[in-house]
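Participant: Fold the stuff below for me.
(one chain, ligands or ions: 1)
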Amino acid sequence: MKQLFEKTKINQIELENRFVRSATWEGLAKPDGSCNDKITDMMVELAKGQVGLIISSHAFVNQAGRAHIGQLGIYDDFLIDSYRKMVEKVHDEGSKIIMQITHAGGRAMIESKDGKALGPSDLEIKKYHCRKMTISEIKQTVIDFTNSARRAKKAGFDGVQLHGAHGFLLNQFLSPFLNKRKMIDLLFAYNSSSIWIKGVNSNCQREKVRVILF
Ligand SMILES: Cc1cc2nc3c(=O)[nH]c(=O)nc-3n(C[C@H](O)[C@H](O)[C@H](O)COP(=O)(O)O)c2cc1C
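Facilitator: Predicted coordinates:
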């Protein structure tokens, strides 16, 4: 128990204690995905409660990756300023805060130009109604993750967390049930999430953004 209150480091991020608030979608963002006072108040409350590390709710990296209305977004530079006050206030209370970045893939609410969500394969099952992403769409999405991480850093976040769970895009690429891509895609090395994660991770290292995986 005592250890919970001891200082620690995660990927060079120094934490006052080992209490971590897991990413939790609150549905309070503005329609354009920007941060606001309600979310700021909630994060400051957590920081006042001495949570060592706060992870934001998942923020979409591009329009095709949006999962819900009320979700945080980090898909454009104009959003950076909306986060600055929140991050500063959290830091003032002694907590660290990282942003969780995500793409909903085949579960996205926003459709692509041709009217379908984007996923690892053509799917019409349960929550997944999507078409197979092209290689150039995959490459662009890796860039969008990287640019989002760079924006989070500019806003003052201490790092980013890549959302690889809950049936969203990275998780879809990991699943043999949802990812039915053939050998030809292997040539482009984009058949699995691990390659994605390596791509985003190495880009983020170049941008000096700290990355935590979930
Ligand atoms: C309302 C709600 C929203 C959540 N939003 C996210 C999210 O945005 N990103 C994420 O990775 N996990 C999300 N989760 C999962 C939580 O972070 C957590 O992993 C999960 O609730 C299990 O934690 P527990 O074992 O302490 O209950 C959410 C959970 C709930 C209940």
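Participant: Please report how far the closest residue in space to Gln3 that isn't next to it in sequence lies from the ligand.
Facilitator: Closest residue in space to Gln3, ignoring its immediate chain neighbours: Arg18 at 6.6 Å, by C-beta to C-beta, 6 or more residues apart in numbering. Where C-beta positions appear, they are placed from N, C-alpha and C, glycine not excepted. Per C-beta to the nearest ligand atom, to the nearest Å, Arg18 is found 14 Å from the ligand.
Participant: Arg18 reaches Ile10, doesn't it?
Facilitator: No: checked against C-beta atoms under 8 Å, the pair Arg18 and Ile10 is beyond contact range at 9.4 Å.
Participant: Please identify which of the two sits among more neighbours.
Facilitator: Ile10 (17 against 14; other C-beta atoms under 10 Å).
Participant: what's the distance between that one and Gln161?
Facilitator: Distance, Ile10 to Gln161, using C-beta to C-beta, to the nearest Å: 10 Å.
Participant: same deal with Glu16?
Facilitator: Distance, Glu16 to Gln161, using C-beta to C-beta: 19 Å.
Participant: Between those two, which has more neighbouring residues?
Facilitator: In this view Glu16 and Gln161 are compared by other C-beta under 10 Å, and Gln161 has more residues nearby, 24 against 17.
Participant: Spell out which helix or strand contains the more buried one, please.
Facilitator: Under the criterion of DSSP states H and E, Gln161 resides in strand 160-162.
Participant: quick check, that strand touching the ligand?
Facilitator: No: figure legend: strand 160-162 not in contact with the ligand (C-beta under 6 Å from any ligand atom); closest approach 7.6 Å.
Participant: what helices or strands is that strand leaning on?
Facilitator: strand 96-102, helix 135-155, helix 193-207, strand 211-213 (3 or more C-beta pairs under 8 Å, 6 or more residues apart in numbering; DSSP states H and E).
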